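**Q** here is a sequence together with a model predicted from it:
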Amino acid sequence: MANHILDIDDLTPDDFDKVIAYGLSPKSEKVMANKSAALLFEKPSARTRHATETAIVALGGHPITVKGDEVGIGKRESVHDLTLTLACYHAVIGARVFDHGVLAEMASAIDGAGAPCSVLNLLSDKAHPCQGVADIITIIQASKEMNLEISNAQVTYVGDSNNVASSLALACAMASVKLVVASPVDFQPEAELIKRVERLGGTIEVVTDPNEGVEGADFIYTDTWTSMGQEAEASVRKEVFRNYQVNELLISKAKKDVKIMHCLPAHRGEEITDAVLDSKSSIVFKQAYNRKLSAIGLLTLMVKKQGGQKWP
Ligand code: CP
Ligand code: NVA
């Protein structure tokens with residue numbers, strides 16, 4: 001398996017467990033001493049940029065963050081040439097991109113050259129693996145406090161089956177957590193994702209009615225109805241998802257001590273109400289904090305596994 005993480009199922013189940021363990025270990029090893037990472041952002045970010053930069057520093061490394069238009073990924077020069085240039089200086093290239101294919105192109109350029117550098121997906125149109133790992137860390141911690149076996153926990157994702165939902169589904173499968181997805185018909189998980197989840201031994205129970213979906217839920221998770229890059233569809237999406245708001249009425253249909261999750265940024269009054277987001281049940285800032293632990297875990301695994309020839 002190549003040493004790039006574009007989505008959760010690029011990790012073996014054993015590596016997934018290691019990532020969680022590295023993230024949760026109280027003292028990070030300085031595996032990035034004398035190493036650096038390039039972090040490229042074609043889209044805005046608060047959590048991912050800060051969590052990843054601070055994680056790299058905690059690991060003894062040096063992050064360099066660059067906005068997409070400063071390097072012009074695939075515009076100023078080809079993805080191939082940019083990647084192999086960055087691989088001259090960095091052990092890791094983390095990228096947040098519009099098109100998931102760009103990450104695959106980066107990974108293939110590195111593999112073709114045999115360079116000792118790894119690509120980490122910091123969010124694409126298809127996946128958000130760093131978030132998926134943070135979510136499982138959060139679910140593990142919260143379940144402990146709830147005296148709940150993680151294998152008995154039910155997560156219900158309400159809303160758009162987007163990048164965050166896809167990586168969450170794969171992460172739940174890796175961690176043996178039951179996942180229910182409540183989405184409008186045209187916004188449900190794709191057949192290809194369901195197959196990947198099944199390959200990991202998991203399932204996704206898909207329903208259209210959010211009230212039915214949250215029955216028995218220990219965790220209710222939601223995300224924006226309009227992801228970055230879909231802004232032109234915002235008004236149509238607002239209509240489609242109108243009945244999928246996570247509000248007090250909806251959460252009253254779940255288990256009594258249900259916890260509320262959101263990757264953030266939240267669109268208050270749209271996919272989630274203030275009352276729910278600000279309630280005692282909300283664990284959204286634990287998720288935000290755990291983005292750093294997730295980055296520590298993922299980077300530690302990648303750097304420890306790194307090999308390859310001298311480059312260039
Ligand atoms: N959850 C998340 O990825 O947040 P940012 O877009 O702020 O990085
Ligand atoms: N689905 C959202 C997640 C933001 C962290 C987006 O892609 O914009």
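**A** Cool, the structure landed. Numbering: from 1, shown residues only. Ligands and ions are numbered 1, 2, ... in the order given.

**Q** residue ranges with poor pLDDT in the stretch 101-250 of the chain?
**A** Along the stretch 101-250 of the chain, segments meeting pLDDT under 70 are nowhere present.

**Q** tell me the strands in it, going along the chain?
**A** For the stretch 101-250 of the chain, the strands defined by DSSP state E, counting those that start in this stretch cover 118-121, 154-158, 178-182, 205-207, 219-222.

**Q** can I get the ones you listed in CSV including distance to Ile137?
**A** The way it works is simple: take the backbone N, C-alpha and C, and place the C-beta from them, glycine included. Below are the strands of the stretch 101-250 of the chain laid out as CSV (distance: least, CB to CB, whole Å):
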stretch, distance to Ile137
strand 118-121, 17
strand 154-158, 13
strand 178-182, 16
strand 205-207, 23
strand 219-222, 13
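
**Q** from those strands, which stretch is densest packed?
**A** Mean neighbours per residue, mean count of other CB atoms under 10 Å, is largest over these for strand 219-222, with a mean of 28.

**Q** to ligand 1, which of the strands of the stretch 101-250 of the chain lies closest?
**A** Ligand 1 lies closest, by CB to the nearest ligand atom, to one member of those: strand 118-121, at 11.1 Å.

**Q** who touches that closest one?
**A** 3-7, 83, 91-95, 100, 103, 106-107, 110, 127-130, 298-299, 302-303, 305-306 (CB atoms under 8 Å, 6 or more residues apart in numbering).

**Q** can you name the residues of this structure that neighbour ligand 2?
**A** Residues of the chain lying close to ligand 2 (CB under 6 Å from any ligand atom) are 123, 162-164, 223-224, 227-228, 263.

**Q** what residues are up against the most centrally placed residue in the chain?
**A** In the chain, the C-alpha nearest the mean C-alpha coordinate belongs to Gln131, at 2.6 Å (CA atoms, centre = their mean). Gln131 is in contact with 123, 164, 167-168, 263, 287, 291, 294, counting by CB under 8 Å, 6+ apart.

**Q** may I see these organised as JSON lines, with distance to ligand 1 and neighbour count added?
**A** Output for the contacts of Gln131, formatted as JSON lines (distance: CB to the nearest ligand atom, whole Å; neighbours: other CB atoms under 10 Å):
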{"residue": "Leu123", "distance to ligand 1": "6", "neighbour count": "28"}
{"residue": "Val164", "distance to ligand 1": "7", "neighbour count": "24"}
{"residue": "Ser167", "distance to ligand 1": "11", "neighbour count": "27"}
{"residue": "Leu168", "distance to ligand 1": "12", "neighbour count": "30"}
{"residue": "Cys263", "distance to ligand 1": "4", "neighbour count": "28"}
{"residue": "Gln287", "distance to ligand 1": "8", "neighbour count": "23"}
{"residue": "Arg291", "distance to ligand 1": "7", "neighbour count": "27"}
{"residue": "Ser294", "distance to ligand 1": "10", "neighbour count": "30"}
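
**Q** select from those every entry located in helices.
**A** Among those, the ones falling in helices (DSSP state H) are 164, 167-168, 287, 291, 294.

**Q** which one of those residues is nearest to Lys30?
**A** Nearest to Lys30 among the ones in helices among the contacts of Gln131, counting by CB to CB, is Ser294 at 18.5 Å.

**Q** pull the contacting residues for that closest one.
**A** Applying CB under 8 Å, 6+ apart, we find Ser294 in contact with 19, 23, 51, 130-131, 133-134, 137.

**Q** sounds good, over and out.
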